[in-house]
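> A structural model of the following input is requested.
(one chain, ligands or ions: 1)
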Amino acid sequence: MISKLVIPAAGWGTRFLPATKAIPKEMLPIVATPAIQLVVEEAANAGMEDVLLITARDKQAIENHFDRSADMEAFLAARGDDTLREVLINISQLARIHYVRQGEALGLGHAVLCARDHVGNEPFAVALPDDLIRSDDGCLSELLSVYKKYRCTILALQRVPKEKLSSFGVVSAHRLGEGLWEITDLVEKPPPEQAPSDLAVVGRYILEPEIFSALETTGPGVGGEIQLTDALRVLATKRRVIGWEFSGHRYDVGNHLGFIKATLEYALDSSLGPQLRDYLTELCEQLRFRRYD
Ligand code: G1P
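Numbers count the residues shown, from 1 in each chain. Below you'll find the predicted structure:
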């Protein structure tokens, strides 16, 4: 069915400077796993075997991460640490990973357009690595199930408080069923009072290849960038676009607080969980008596 996923990963990561001076922001770890690996794992769990990363200059650490590492593997083998060696080898087997560079930072829409030659004339998925989504089945799997039924463009949606809508693409839609919406229009980062609803687009999409011709004729929008939302808006006038309120929790790891929240939640679910729970309980107790004025 849909086997290709595109991950735009060309951004500068200025919000995480100085950490991102020499390290791509996508490589910052959630506990000990780079955020981008969690997204590739979500795709692998959804049965997608082909991942195209849209990268940029100075992002080689991402390629190294998904490649074999003969020296490190040999070192671990000599030390008898086969478990960790397997962990490293498995990363390179998650998917067939390809790379295309986005030479100029012209926006998300332009990054997706860079995938055109690789994707060809078939539907494909897009995942934005700033959005980490924790759910039982995985957000991409959920979108694929909806796609199987409707065979059209499918967008992941989330209800967002009014004051935060200006950070998202926001849709006009009418309800088709529980969590399911027929999208008639979209607007990128509207002022809250002009937002057509409280349903925001989150970084998981199933797109039909017609998006490429729409992107080709899309001029700069919000922030002077070529916006995927603007091309989707054109597409929605010609073809069916459906929205799905996915289950689970989304973390915006593109900002500090979201990154810390994701780290805590993933750590609570890991082998560190019991110790971290004790520590957090103790910390909460202390915070009740601390003064911050
Ligand atoms: C991008 C999209 C926006 C979407 C958001 C989801 O914005 O342009 O439509 O709602 O991702 O995270 P960004 O957060 O990259 O500015």
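> Angles on the backbone of Ile183, please.
The phi/psi pair for Ile183 (degrees, to the nearest 10) reads phi -90, psi 130.
> and what of Asp269?
The phi/psi pair for Asp269 (degrees, to the nearest 10) is phi -90, psi 0.
> was I right about Asp50 contacting Ser3?
Yes. Counting by Cβ atoms under 8 Å, Asp50 touches Ser3, with 5.2 Å between them. C-beta coordinates here come from the backbone N, C-alpha and C atoms, glycine included.
> Need the phi and psi values for Ile97.
phi -110, psi 130.
> what residues are up against it?
Going by Cβ atoms under 8 Å, 6 or more residues apart in numbering, Ile97 touches 40, 51-53, 66.
> For the residue in the stretch 151-293 of the chain that the ligand sits nearest to, give me its contacts.
Relative to the ligand, the nearest point of the stretch 151-293 of the chain is Gly169 (2.7 Å; Cβ to the nearest ligand atom). The contact partners of Gly169, taken as Cβ under 8 Å, 6+ apart, are 186-189, 200-201, 227-229, 232.
> and if we set it to 10 Å?
108, 155, 157, 186-190, 199-203, 222, 227-230, 232-233 (Cβ atoms under 10 Å, 6 or more residues apart in numbering).
> For PyMOL, write a command that selects the buried ones of those residues.
To isolate the buried members of the contacts of Gly169 in PyMOL, using 16 or more other Cβ atoms under 10 Å:
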select buried, resi 108+155+157+186+187+188+189+190+199+200+201+202+203+227+228+229+230+232+233
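> ok, which of the contacts of Gly169 also contact the ligand?
108, 188, 200-203, 227-229 (Cβ under 6 Å from any ligand atom).
> who touches both of Asp50 and Ser3?
Residues touching both Asp50 and Ser3 (Cβ under 10 Å, 6+ apart): 43, 95-96, 124.
> Next step: those residues restricted to helices.
Under the assignment DSSP state H, these contribute Ala43 to helices.
> Could I get the shared contacts of Asp50 and Ser3 in TSV, plus columns for neighbour count, distance to the ligand and pLDDT?
Shown next, in TSV, are the shared contacts of Asp50 and Ser3 (neighbours: other Cβ atoms under 10 Å; distance: Cβ to the nearest ligand atom, whole Å; pLDDT from 0 to 100):
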residue	neighbour count	distance to the ligand	pLDDT
Ala43	23	17	97
Ala95	19	22	97
Arg96	13	26	97
Phe124	23	17	98
